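*Asks:* Task: produce atomic coordinates for the following.
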Amino acid sequence: PAVPFALTAVALLLPGTRAALATIVNGVPPHWLVGIQTLRIAAISTLAKTLSGAFPLHVELAIGLTDLVFGLSAVWVFWLARADRLHPHALVVWHMVGAAIILIPGNRALQTGLPGPMQVFDTHPTAEIMLDWPVVLAPTLVVPTFLLFNTLGAVAAWQAHSDFNGAPK
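*Replies:* Numbering: from 1, shown residues only. Sure thing, here's the model as predicted:
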């Protein structure tokens with residue numbers, strides 16, 4: 001899951017990339033960075049798989065349900081942000097919560113269902129399903145991309161309300 005973050009960090013070492021990213025962060029309306037998060041509603045597919053016995057319950061409880069709820073909240077937050085009825089600090093918090101609900105329980109949930117010293121959940125299905133194609137794209141590409149958008153959204157909202165040094169405008 002760290003690969004997209006590592007690639008972004010390396011790209012940010014290049015001055016042109018930093019300037020382009022700043023242009024994006026400052027030029028994209030806040031509601032767009034919220035709107036992309038509505039795609040997290042697709043986490044309903046893991047709920048369906050869990051209910052049918054094809055996805056590990058502990059992973060669903062740790063990250064699937066919260067991801068789904070966050071995606072649903074994005075619909076409401078999108079309309080508030082689009083109508084400019086949401087304080088930028090609230091957007092910062094919302095985006096950071098969106099990242100935290102994955103980052104905090106995510107790795108532990110996966111590791112406790114994989115063979116190794118941390119394995120706690122070993123009944124079928126285990127978290128090994130997360131390593132099968134195409135499911136592996138979720139923890140390695142799709143979810144980190146959403147987290148990067150959460151980070152961009154938080155930075156954009158913070159910059160919309162403060163000057164470069166963090167003081168309110």
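
*Asks:* C-alpha from now on. contacts and neighbour counts both.
*Replies:* Fine.

*Asks:* Find the nearest non-adjacent residue to residue 34, please.
*Replies:* If the residues on either side of it in the chain are set aside, residue 34 comes closest to residue 78, at 5.5 Å by CA to CA, 6 or more residues apart in numbering.

*Asks:* got a list of what the one you found touches?
*Replies:* Contact analysis of residue 78 by CA atoms under 8 Å, 6 or more residues apart in numbering lists 31-32, 34-35.

*Asks:* Let's see which of those end up in helices.
*Replies:* Among these, the members found in helices (DSSP state H) are 31-32, 34-35.

*Asks:* Please list only the buried members of these.
*Replies:* 31, 34-35 (16 or more other CA atoms under 10 Å).

*Asks:* rewinding a little: which one of the contacts of residue 78 is nearest to residue 18?
*Replies:* residue 32 (20.3 Å; CA to CA).

*Asks:* Can you tell me, leaving aside adjacent residues, what's nearest to the residue nearest in space to the middle of the chain?
*Replies:* Among the residues of the chain, the one closest to the centroid is residue 147, at 3.2 Å (CA atoms, centre = their mean). The spatially closest residue to residue 147, leaving aside those adjacent along the chain, is residue 99, at 5.3 Å (CA to CA, 6+ apart).

*Asks:* hmm, back to that, quick one: the residue nearest to residue 34 from residue 89, how far?
*Replies:* With distances taken as CA to CA, to the nearest Å, residue 78 is found 15 Å from residue 89.

*Asks:* coming back round to it: let's have the ones in helices among the contacts of residue 78 in TSV, adding distance to residue 107 and pLDDT.
*Replies:* Output for the ones in helices among the contacts of residue 78, formatted as TSV (distance: CA to CA, whole Å; pLDDT from 0 to 100):
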residue	distance to residue 107	pLDDT
31	29	94
32	28	94
34	24	97
35	26	96
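
*Asks:* where in this structure is pLDDT low?
*Replies:* The model of the chain has pLDDT under 70 over residues 1-2, 162-169.

*Asks:* Just give me the longest helix of it.
*Replies:* In the chain, with assignment by DSSP H, the single longest helix is helix 88-111.

*Asks:* CA atoms only for it, dumped as PDB, please.
*Replies:* C-alpha atoms of helix 88-111 as PDB (Å, rounded to 0.1, in the frame of the first residue of the first chain):
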ATOM      1  CA  PRO A  88     -12.700  24.700   5.500                       C
ATOM      2  CA  HIS A  89     -11.600  23.300   8.900                       C
ATOM      3  CA  ALA A  90     -14.500  20.900   8.800                       C
ATOM      4  CA  LEU A  91     -13.300  19.700   5.400                       C
ATOM      5  CA  VAL A  92      -9.800  19.200   6.800                       C
ATOM      6  CA  VAL A  93     -11.200  17.000   9.600                       C
ATOM      7  CA  TRP A  94     -13.500  15.100   7.300                       C
ATOM      8  CA  HIS A  95     -10.700  14.300   4.900                       C
ATOM      9  CA  MET A  96      -8.300  13.300   7.700                       C
ATOM     10  CA  VAL A  97     -11.000  11.000   9.200                       C
ATOM     11  CA  GLY A  98     -11.300   9.500   5.700                       C
ATOM     12  CA  ALA A  99      -7.700   8.600   5.800                       C
ATOM     13  CA  ALA A 100      -7.600   7.500   9.400                       C
ATOM     14  CA  ILE A 101     -10.400   5.000   9.100                       C
ATOM     15  CA  ILE A 102      -8.200   3.100   6.700                       C
ATOM     16  CA  LEU A 103      -4.700   3.800   7.900                       C
ATOM     17  CA  ILE A 104      -5.300   3.000  11.600                       C
ATOM     18  CA  PRO A 105      -7.100  -0.400  11.400                       C
ATOM     19  CA  GLY A 106      -6.100  -1.400   7.800                       C
ATOM     20  CA  ASN A 107      -2.700  -2.900   8.100                       C
ATOM     21  CA  ARG A 108      -3.400  -4.600  11.400                       C
ATOM     22  CA  ALA A 109      -6.700  -6.100   9.900                       C
ATOM     23  CA  LEU A 110      -4.800  -7.400   6.900                       C
ATOM     24  CA  GLN A 111      -1.800  -8.800   8.900                       C
END
